Every structure is written in C-alpha cells, then in structure tokens.
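Trainee: structure for the following, please:
(chains A, B and C)
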Amino acid sequence: MKQSTNQLVEHFFRHESANLVAVLTRAFGMRRIDLIEDMVQVAMLEAMHAWKQRGIPGNPAAWIHHVAKHRILDTLRREKTYEKAVALSGLSMADQSINAQESIVDQWLEEEHLPDSLLRMIFVCCHPSLDRKTQIALTLKTLCGFGISEIARGLLLPSETVKKRVQRAKNSLATANVQLELPSNDQLTLRRDAVHDVLYLMFNEGYSTSHGTEPIRDDICEEAARLCHLLCESPCSSPATKALLALLLFHAARLDARTDEDGAVILLEDQDRTKWDRCLIGTAQSWLGQSKTDQPTTFHLEAAIAMQHCLSPSVEATDWGTIVLLYSRLIQLRESPVYALNRAIAMGQAGDTHEALSQLQKLQNREDMKHYLLLDCAFARIHELEGNKEAAIDSYLVALSKTVAPHEKALLEKKLRKLAD
Amino acid sequence: MAKFMFLQRGGGCDTPPKMTPEQMEAQMKSCMEWMQSGKDEGWLLDPGAPLSGSSAVVEPDMTVIDGPFAESKELVGGYTIVEAPDLAAACELAKRTIKMAGAGKIEVREIANVGQ
Amino acid sequence: MPKYMFIYRGGHEKIKHASPEQIQQVMQMWMDWIEGGTEAGWMLDAGDGLKPSGAVVNTDLSVTNGLFAESKALVGGYSLVEASDLTTAIELAKDSPMPKSGGIVEVREIANSGKQDA
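Mentor: All right, here's what the predicted structure looks like:
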C-alpha cells in the first residue's frame, strides 16, 4: 500500500483525533463525547492553521494534545456541573482538581498508556446494546477517525443513514453513561467475541470486491488490522484474536494484487503472486504460530486456508487436499453454504470434479443460494477444470444474468472471452 | 465579591423563646426590615430558611441515624446566603442578622464558588 | 413537595491523598449525580462547597475566627433537593457520592417547605 504525503498527513490527523477522543472520553465521561469530538476537531483545525504559518512543530502530536486538552478543560470549567462537582467533592479546598485532571490526561496520552484507552474505547464501540452494523459504523467513526461521508462511501450507505446510526449510538451510550472500562472476567469472552466479529466484518467491508474500488476501502482494512493488533497486544486477547489478526494480514498481503490499474478485480487464480506482500505474509505466519490452542476457531481455520494460498507459488502447486480438509473442519464448526461452496471448488482443484459437482448441486437446492452469483461461477470453474467448455460457458452466462454491477459484468465477460478463444 | 453562607447554630424557629404578642410582632417587623434592607442593598442573595423539619444522617457505611447531627453544638438551625467583599464584612452582616432577625450564633463560611 | 437540605460533613480527607485517577473517578461520580438529579428534577440546587476557614459570630456579637478546619463535623457543602418524604430523601442521600468518599450526609427538612404545595 503506497502512501502519498497527503495520505500520511490524513492518517496522522485521523489517528491523533481518535487517540484524543478515547483519552478525553475516558477522562470526562461518555456524556461529553459530542463536546469532546467538537473540541478535538477545533484543535485539529487550529493545528493546520498554525502549522501553515509557522511550520510543523517538532512534536506535532504533543502540540495537538496540548491544544485539545486545554480547549476541553476550558469548556468544562465553564460548565456549572463541573464547578459544582469540584466544590462538593472538596477538591476546591486542596485546589488540586485542575492539576489532577490535566496530569491524568497527560499520562493517558503518553505513548505507552495510549493503547489502554483505545482498547477501552473498542469495547465501548462494540457495546452489546448496539447492533453489529452500528458497532462497525461507530468503530470507524470513533476509533479510526473517519468522517461520516467517508464511512458512507466505505460501507456503501447513504450519509444520512450513517449519521443517524452513529448519533443514535452515541446518544444511547451517553444516556447510559457507559464507562470506558475493560469488561469484567465473566463478561470478557462474550464481549471479546463481539469485538472479533466487528473487526472481521469491518475488514470484509473494506476487502469485499463487490462494491467497486475506493481508496477508503484499503484504509478500512488497514484500520481493522491495526485495532486487531492492538487487541492482540493487550491482556484481553485470546488465541482467536491472534488467529484473526493472522487471517486479516494474509488477506491484506494480497490487497495490491487484487485489482488492475483500472481498478478491475483480478481473481486469485489470475493474480500476479510476486505482488503479494511477503513481509506481511511472514508477520501473519508468526501470529498464526502464536495462536495455537486446543480448540481452534473459525479464524484459525480460515487463516490456515489463507496461508495455504499465500505460500503457494501457483494455483496448480497449491495443496488443495489440505484446503479441502480445512474447509471440512470449518463446516463442522459452523454450517455455512459459503464454506461448502469453497470446499467444492477446492475439491475440483484437487482433481475430484465429480464430487465437487455433486456438492454444488446440493447447494443449488438451497433457497438462499438461488441468486448467489458465486455458485454459478463455481459451477463454471469446475466445468472448466473437467474440460467441459460449453457447460462452463453456460454457467458463466447464468451468472451474468444475475448481476447488474458493471465490474462484476466486466469480470464475467472477460472469463467468457477467454473460454471462447 | 465573595459569597458567604450563614449557618445558624442554635436559635432558629425550633426553640421559640417565650414572647408576648407585641414582642412577636416587633420581632417579625424587624425580621422583615432585615430582609428588605438586605434586598435593597443587594447583599442578601437567599434569605434561606430554618431547618426544623424531619431529619436523618447517612453515615459513610450507609447506616441511617434518626435526627440531625448528634453533637448539638454542631447543629445547624438554618441558613442564609449573602454576598460580601471579605470575611470581616460578612461578619458585620452576620451581626446585623443576629440583631434584626433574632438569629442565634452564626457560623460564617465562604462558599467555594469555583470558576468565578 | 417538601424540600430538604443535604449538609455534607467530612469526606475531604480521602481526596487529599487520592491519585489523579481516583480524583477523576470522584469528579465523575459527582457530575453524574448532579446531572442525573437535575434531569430527574429532584435536584433543586446542587449547592456548593464551603471553604474550610470562616468565623463564628456569637449572640453577644463577639467574633471568633477560623477554628473549624480540624473538626470532623465541619460542614463542607450543601445541596437542596425535593422529595416526597424523609425516607425518599434518605435514599437520594445514600446515592450521593458523599458516603462513598467517607463523608456524612445530614438530611434536613426545610421548615414549612411543603406547605404551600399541599
């Protein structure tokens, strides 16, 4: 993923604002999240303005932290409730309240303490009172620092929908005055599973090729991996967290090879494997190595499959037999037609096109697979593998009739042209 | 200007001294004058009220004790909020309050009033 | 509805030795309590804190200066609330951050406060 200076600056501002929102919300309460976000925004604008005139300071993050912290403290001090709390708690007597507030914020903003506040914010954004879609939108807004319109573009939703969703979530969390705390031990497994799901779905939203290409989508993938890494490095992680990170990194390694210069999708079998990021693949392998457990999760198995692909020099050299086994174990863990479909393709690639076709036919009878484009593509692929060109063309034509998305049409037409040659 | 709270120690309406109707009327009149002058001169922010109804004390361990604070010398009989430039000036106002409103001993305390 | 004055005594020792994080928590408790009560309507006036120094004007008009700082019974602050009866007021007092901070809440009905509404 190449980054221009502009992108670096953008990342800096996004991450700094997310850091600040997490720390300040932890310090001043969920009730003030709107105020905090506004003040952080003001600090960002102030920074850009000042830096244009005077140049970028030696420690830009510290500069922004300082401004934002003072903006928020100034505003709070003008708040009646804040004054009253200082007076009634007896803090006014020692006159230490203001110093205490400042020093705690400073402390939490220090590099080594920052992950703790972010982690607490992750659990807030993935709060059980919110539905999955809202959790994803709120995570993108609060922890990744994306704007509403960016999230809307990334999730292919109208801006108004995203805005309402985020605002409603913030209101309900503020009303309940949810604390930025880590889940208690008896809650941890459940709450962590929710975070895993959100990060997995968030990555998929970014990765999914069915929505065309927007640079924002690579950013979303990167953010999901960044937050997952943060969770991995915390005491709240489990073997599943590490397996999930491995999975995300194996996929991320192939991000650049996945589209051509025009943004059209390139399928796994046609990708230029020299474009895969070897460094990320290595990191992913090491995380998968650290994720060992007696009870592998779907993340473990999906990561293991992704690793098989990443380590194979070509489609032909891929160990499809192992991939079939891994999909079978996945299906044992969780019944899913998508797993079954992928297993059938792997069977075909492994040479058993007969079994592959009979598996696909079983899927064809399922109501939820009727309009599933990839099922027809899978049929076409197996027919290709058994050398039945005509049947393959027929299947691709059926697939073509099921989509209106231009990039999907383009991909299928390319396949058909290749077969016609 | 600082704000001060007058905490009345003893006196108040709890233990009304025996008075003739004339004395009572005079006392009332003087009390009204105190309130009026306080308002006119601007130092009387809240004439307050006697604290003479039902009462209880909640201790740090959440036990509840009937009645007001046990040590009678600490008993607060009522309160008033005034404004004054300093403690000495507030004490002068307290003296006027004792004379005119018939209050007992007054504890004069500056209100924290953070942020002002 | 009767009005009550919460008179806070003590509870300030703890905060002097608190860490910034604990101070943050105490602040948060007070703000939540005040905001919650104001929204619910029973908090008429969050009141204020009283500085520890002061004076006593005696009935003979003599003045004794600043003698209370050490007293555990020192009034540290007050709030005004509204409640249907003493029992309800006591429950509100229990929910206040004061007992958690090691202080005492004296719940006192304000004379004649409920009469005109009756």
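Trainee: how far out from the middle of the chain is stretch A:162-178?
Mentor: Stretch A:162-178 has its C-alpha centroid displaced from the chain centroid by 21 Å (Cα atoms, centre = their mean, to the nearest Å).
Trainee: and the nearest residue to C:Val56 once chain neighbours are set aside, its phi and psi?
Mentor: Spatial nearest neighbour of C:Val56, chain neighbours left out: C:Thr64 (4.6 Å); criterion: Cβ to Cβ, 6 or more residues apart in numbering or on different chains. Just so you know, the C-beta spots here come from the backbone N, C-alpha and C atoms, and that holds for glycine as well. When read as degrees, to the nearest 10, the backbone of C:Thr64 gives phi -110, psi 120.
Trainee: what's the neighbour count on C:Thr64?
Mentor: C:Thr64 has 14 neighbours, counted by other Cβ atoms under 10 Å in any protein chain shown.
Trainee: tell me the pLDDT of it.
Mentor: pLDDT for C:Thr64: 86.
Trainee: relative to chain A, how far out is it?
Mentor: Taking Cβ to the nearest Cβ, to the nearest Å as the measure, C:Thr64 falls 21 Å from chain A.
Trainee: quick check: that residue touching B:Glu107?
Mentor: No. Under the criterion of Cβ atoms under 8 Å, C:Thr64 is not in contact with B:Glu107, lying 9.6 Å apart.
Trainee: what's next to the helix or strand hosting A:Ser149, contact-wise?
Mentor: A:Ser149 is part of helix A:148-155, with elements assigned from DSSP states H and E. The contact list for helix A:148-155, computed with Cβ atoms under 8 Å, 6 or more residues apart in numbering or on different chains, reads A:136-137, A:140-141, A:146, A:157-159, A:161-163, A:166, A:205-206, A:214, A:216-217, A:219-220.
Trainee: swap in stretch A:285-300?
Mentor: In contact with stretch A:285-300 (Cβ under 8 Å, 6+ apart) are residues A:196, A:200, A:232, A:239-247, A:249, A:303-304, A:307, A:329-330, A:333-334.
Trainee: now do 6 Å
Mentor: A:239-240, A:242-247, A:303, A:330, A:333-334 (Cβ atoms under 6 Å, 6 or more residues apart in numbering or on different chains).
Trainee: now go through the residues you listed and say which are in helices.
Mentor: In this view, those that belong to helices under DSSP state H are A:239-240, A:242-247, A:303, A:330, A:333.
Trainee: pull out the buried residues from those.
Mentor: Buried members of those, scored by 16 or more other Cβ atoms under 10 Å in any protein chain shown, are A:239-240, A:242-247, A:303, A:330.
Trainee: how far away is the residue lying closest to A:Leu357 once chain neighbours are set aside from chain B?
Mentor: What sits nearest to A:Leu357 in space, not counting adjacent residues and going by Cβ to Cβ, 6+ apart, is A:Ile382, at 5.7 Å. Separation of A:Ile382 from chain B (Cβ to the nearest Cβ): 72 Å.
Trainee: hmm, who's touching the one helix or strand A:Ile382 maps to?
Mentor: Using DSSP H and E, A:Ile382 sits within helix A:373-385. The contact list for helix A:373-385 (Cβ under 6 Å, 6+ apart) reads A:341, A:345, A:348, A:353, A:356-357, A:360, A:369, A:391-392, A:395-396, A:398-399, A:402-403.
Trainee: can you do 8 Å?
Mentor: Contacts of helix A:373-385 (Cβ under 8 Å, 6+ apart): A:341, A:344-345, A:348-349, A:353, A:356-357, A:360, A:363-364, A:369, A:389, A:391-393, A:395-396, A:398-399, A:402-403, A:408, A:412, A:415, A:419.
Trainee: can I get the buried part of these as one ChimeraX selection?
Mentor: For the buried members of the contacts of helix A:373-385, the matching ChimeraX selection, counting by 16+ other Cβ under 10 Å, is:
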select /A:341,344,345,348,349,353,356,357,360,363,369,391,392,393,395,396,399,402,403,408,412,415
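Trainee: which ones among the contacts of helix A:373-385 map onto helices?
Mentor: Within the contacts of helix A:373-385, residues falling in helices by DSSP H are A:341, A:344-345, A:348-349, A:353, A:356-357, A:360, A:363-364, A:389, A:391-393, A:395-396, A:398-399, A:408, A:412, A:415, A:419.
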